[in-house]
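J.: build me a model from this:
(4 chains)
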There are 2 protein chains.
Amino acid sequence: MPRSDQSQTAILGALSIMPMTGYTLRQQIRDILGHFWSESLGQIYPTLAALEQQKLVQREVPGNSRSTTYSITPAGITRLRELLAESPQRGKPRNGTMLRLFFGAQLGPVACRALVTNALVQATDQLAALQREREELFGDATLAADAPYIALTISAGEHTARATIAWANESLATLARLGSS
Amino acid sequence: MPRSDQSQTAILGALSIMPMTGYTLRQQIRDILGHFWSESLGQIYPTLAALEQQKLVQREVPGNSRSTTYSITPAGITRLRELLAESPQRGKPRNGTMLRLFFGAQLGPVACRALVTNALVQATDQLAALQREREELFGDATLAADAPYIALTISAGEHTARATIAWANESLATLARLGSS
DNA sequence: CCACACATGTAATATGTTACATGATTTA
DNA sequence: TAAATCATGTAACATATTACATGTGTGG
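T.: The predicted model follows:
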């Protein structure tokens, strides 16, 4: 059962910052990588088991607690660096909003306006969330080494969100003209 | 074997513009929706078979040719409008470049620079491709009804590409400072 | 006539989510 | 002590890609 390289990369990466349980792993990935990554528990547990078999991660002292904290091994760090060095296989795009807009003649201008408005709201929310994250990032001393790189990914999200906002406003104006004529 | 609503939407949508074979369907989706959508042949043929069973598409006069051209039925148009009206289920993001950059401390500044440069090149190429498409769009009279909506999706691609270019240039400057210090 | 594009379809494989089953720990 | 959260793991289902097997039409 070969668990995907991609999931292994994300999980090893997260464990390279700090040891965690599978459950916490999902939370951290959702909350911190959420803008550009996702993993489900159904992926995480089997992947952790596979990584453990390959000795790339290990269970930490399972003393008193019933929960299993995993940490990355030196071999795991080596493997992580290999995986990160592989060229990123771009996932196939599937943007439901654009698909609907493309066939907007079938959908009608009113529903299209709703789609764009929705995209606008989401992008605005995301921009706010990213700005909050940026502030938190500088308050966390344990991330000192990672902070400059993490800031790059936050910046990317901000650029994209602002682009979406600009596009949405433009498009709403266009759609208004389209609807009235 | 329930074929996904998402694939059905894309295929019915494409057939709403003109009848096609499965093979051509894939080409058109790759070439025209490629910026925000993808379907493989392994999806297209089974989906077409399912759609035919539901009478949402039909084979056109299979007279002399060996190839099977499908066209959308009135029921298919109705179904397409239903599908388009469903709120777009956002696919989970998986951006390999951002994942690598996030763990840039493990990967090192040189490889990170390469990742960003690569993103810059891709975005530049895409911007050029989109501008070509925009010109073609106005030259094609058969798309008159769809053109304004299609233009919206092209514009979205352009905004995103320009945002990526701006981010990449900024980030290269940041990485240069990071590497030299 | 040979290579290449057109065309169809299936099977193996990969990937991934959701729901289910189960239970411990914390907090109000 | 009841509810919420933390935690693990599996199974069923959904989705998707790639490779394979096979054949037709067309241009050089």
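J.: how much space separates A:Ala75 from DNA strand D?
T.: When distance is defined by C-beta to the nearest atom of the strand, to the nearest Å, A:Ala75 is 20 Å away from DNA strand D. Backbone N, C-alpha and C define where each C-beta goes, glycine included.
J.: so who does that residue touch?
T.: Contact analysis of A:Ala75 by C-beta atoms under 8 Å, 6 or more residues apart in numbering or on different chains lists A:54-56.
J.: what do you get if the cut-off is 10 Å, keeping everything else the same?
T.: A:54-58 (C-beta atoms under 10 Å, 6 or more residues apart in numbering or on different chains).
J.: which element is it on?
T.: helix A:74-85 (DSSP states H and E).
J.: same question, A:Gly91
T.: Here A:Gly91, judged by DSSP H and E, is contained in no helix and no strand.
J.: contacting residues around the nearest residue to A:Ala147 once chain neighbours are set aside?
T.: Nearest in space to A:Ala147, with sequence neighbours left out and distances taken as C-beta to C-beta, 6 or more residues apart in numbering or on different chains, is A:Leu137 at 5.7 Å. If you count contacts by C-beta under 10 Å, 6+ apart, A:Leu137 has them with A:32, A:143, A:146-148, A:150-151, A:154.
J.: can you pick the most crowded of these?
T.: Of all these, the highest neighbour tally under other C-beta atoms under 10 Å in any protein chain shown goes to A:Ile150, namely 22 neighbours.
J.: so that one sits against A:Glu133, correct?
T.: Yes - under the criterion of C-beta atoms under 10 Å, A:Ile150 makes contact with A:Glu133 at 8.7 Å.
J.: pull up the overlap in contacts between these two.
T.: A:Ile32.
J.: enumerate the residues of chain A near DNA strand C.
T.: Residues of chain A lying close to DNA strand C by C-beta under 7 Å from any atom of the strand are A:2-7, A:38-43, A:65-66.
J.: possible to save these as a markdown table with pLDDT and neighbour count?
T.: Formatted as a markdown table, these follow (pLDDT from 0 to 100; neighbours: other C-beta atoms under 10 Å in any protein chain shown):
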| residue | pLDDT | neighbour count |
| --- | --- | --- |
| A:Pro2 | 53 | 6 |
| A:Arg3 | 67 | 16 |
| A:Ser4 | 77 | 11 |
| A:Asp5 | 91 | 13 |
| A:Gln6 | 95 | 20 |
| A:Ser7 | 97 | 21 |
| A:Ser38 | 97 | 16 |
| A:Glu39 | 97 | 22 |
| A:Ser40 | 97 | 12 |
| A:Leu41 | 97 | 11 |
| A:Gly42 | 97 | 9 |
| A:Gln43 | 97 | 17 |
| A:Ser65 | 71 | 10 |
| A:Arg66 | 77 | 5 |
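J.: show me which of these is closest to B:Ser87.
T.: B:Ser87 has its nearest neighbour among those in A:Ser38, at 18.9 Å by C-beta to C-beta.
J.: correct me if wrong, but the closest one is in a strand.
T.: No - going by DSSP: H, G, I helix; E, B strand; the rest coil, the assignment for A:Ser38 is coil, not a strand.
J.: residue contacts, it?
T.: A:Ser38 makes contact with A:10, A:26, A:29-30, B:91-94, according to C-beta under 10 Å, 6+ apart.
J.: among the residues of chain A next to DNA strand C, which are within reach of DNA strand D?
T.: A:41-42.
J.: I'd like the average pLDDT over the helix holding A:Ala75.
T.: In this model, helix A:74-85 has an average pLDDT of 97.
J.: quick one: the lengthiest helix in chain A to helix B:147-180, angle?
T.: Looking across chain A with DSSP state H, the single longest helix is helix A:147-180. Direction vectors for helix A:147-180 and helix B:147-180, defined by axes from the mean of the first three to the mean of the last three C-alpha atoms, to 10 degrees, enclose an angle of 170 degrees.
J.: helices and strands around helix A:147-180, which ones?
T.: Secondary structure elements in contact with helix A:147-180, counted by 3 or more C-beta pairs under 10 Å, 6 or more residues apart in numbering or on different chains; DSSP states H and E, are helix A:96-102, helix A:109-139, helix B:96-102, helix B:104-107, helix B:109-139, helix B:147-180.
J.: can you lay out those as CSV showing mean pLDDT?
T.: Putting these into CSV (pLDDT from 0 to 100) gives the following:
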stretch, mean pLDDT
helix A:96-102, 98
helix A:109-139, 96
helix B:96-102, 98
helix B:104-107, 96
helix B:109-139, 96
helix B:147-180, 95
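J.: tell me which element A:Gln58 falls in.
T.: Assigned by DSSP H and E, A:Gln58 belongs to strand A:57-59.
J.: that strand pairs with which strands?
T.: According to DSSP bridges, strand A:57-59 forms sheet pairs with strand A:69-72 (antiparallel).
J.: CA atoms of the partner strand as PDB?
T.: Output of strand A:69-72 as PDB, limited to C-alpha atoms (Å, rounded to 0.1, in the frame of the first residue of the first chain):
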ATOM      1  CA  THR A  69       3.100  11.200  19.700                       C
ATOM      2  CA  TYR A  70       5.300  10.700  16.600                       C
ATOM      3  CA  SER A  71       8.700  12.400  16.100                       C
ATOM      4  CA  ILE A  72      10.900  12.500  13.000                       C
END
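J.: show me which residues of it are buried.
T.: Across strand A:69-72, burial judged by 16 or more other C-beta atoms under 10 Å in any protein chain shown covers A:69-70, A:72.
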